[in-house]
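[1] Below is the sequence, then the predicted model.
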Amino acid sequence: MSTIQVDVVSAEAEVFSGMAEFVALPGESGELGILPGHTPLITRIKPGAVRIQNGNDEELVFVAGGILEVQPNKITILADTAIRGHDLDEARALEAKARAEENLKENASDVDYARAQAELSVAVAQLAALAKIRKKQ
């Protein structure tokens, strides 16, 4: 099967660089599946797990939103934050979720409410990514 170069980068570091037969990730309008030779595409991505498959190997990378660029021979994911699946910390994600839910209850201003919603979305997506990892193992 043919492969395509995949790069996942955040502002802090390159999180993944390698070849893949298939990549799945949460697009703004729904789940995207990308194979080598895909039509060029640029779109925003939502917080969630990026699944990178190459043969029997599968790598999960959590992204907290960002931009996806697909070219015929390369996939680039520019993430706001990117964390390899095995580096996710469930306790921190649960703490962030609880903190965001508390901030939503207080909703002092529209700006605070929007920030709390975004933080809650990221925390819930991290927990969902952790659940996928556990299910895979």
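    Perfect, I can see it now.

[2] Can you classify R92 by secondary structure?
    Look at R92: counting by DSSP: H, G, I helix; E, B strand; the rest coil, its state is helix.

[3] ok, E59 - how many residues close by?
    Counted with other C-beta atoms under 10 Å, the neighbours of E59 add up to 19. C-beta: built from backbone N, CA, C; applies to glycine.

[4] and it, how far is that from I83?
    According to C-beta to C-beta, to the nearest Å, E59 and I83 sit 12 Å apart.

[5] Could you find the closest non-adjacent residue to the residue nearest the centre of the chain?
    The centroid of the chain falls nearest to V63 when counting by C-alpha atoms, centre = their mean (2.7 Å). Distances taken as C-beta to C-beta, 6 or more residues apart in numbering place A79 nearest to V63, at 4.0 Å, with adjacent residues excluded.

[6] and the protein, what are its domains?
    Domains of the chain are assigned by automatic domain parsing as 4-85, 89-136.

[7] This structure: helices as residue ranges?
    Counting by DSSP state H, the chain has helices at residues 90-106, 110-136.

[8] For the first one, give the mean pLDDT please.
    Averaging the model's pLDDT scores along helix 90-106 yields 69.

[9] Ok, stretch 32-46 next?
    Stretch 32-46 shows an average pLDDT of 94 in the prediction.

[10] Next, the distance between the ends of that stretch.
    For stretch 32-46, the first-to-last residue distance is 11 Å (C-alpha to C-alpha, to the nearest Å).

[11] outside of it, which residues touch it?
    Here stretch 32-46 makes contact (C-beta atoms under 8 Å, 6 or more residues apart in numbering) with 2-4, 21-29, 63, 65-73, 75, 77, 79, 121, 125.

[12] Next, the buried residues of it.
    32, 34, 36, 38, 45-46 (16 or more other C-beta atoms under 10 Å).
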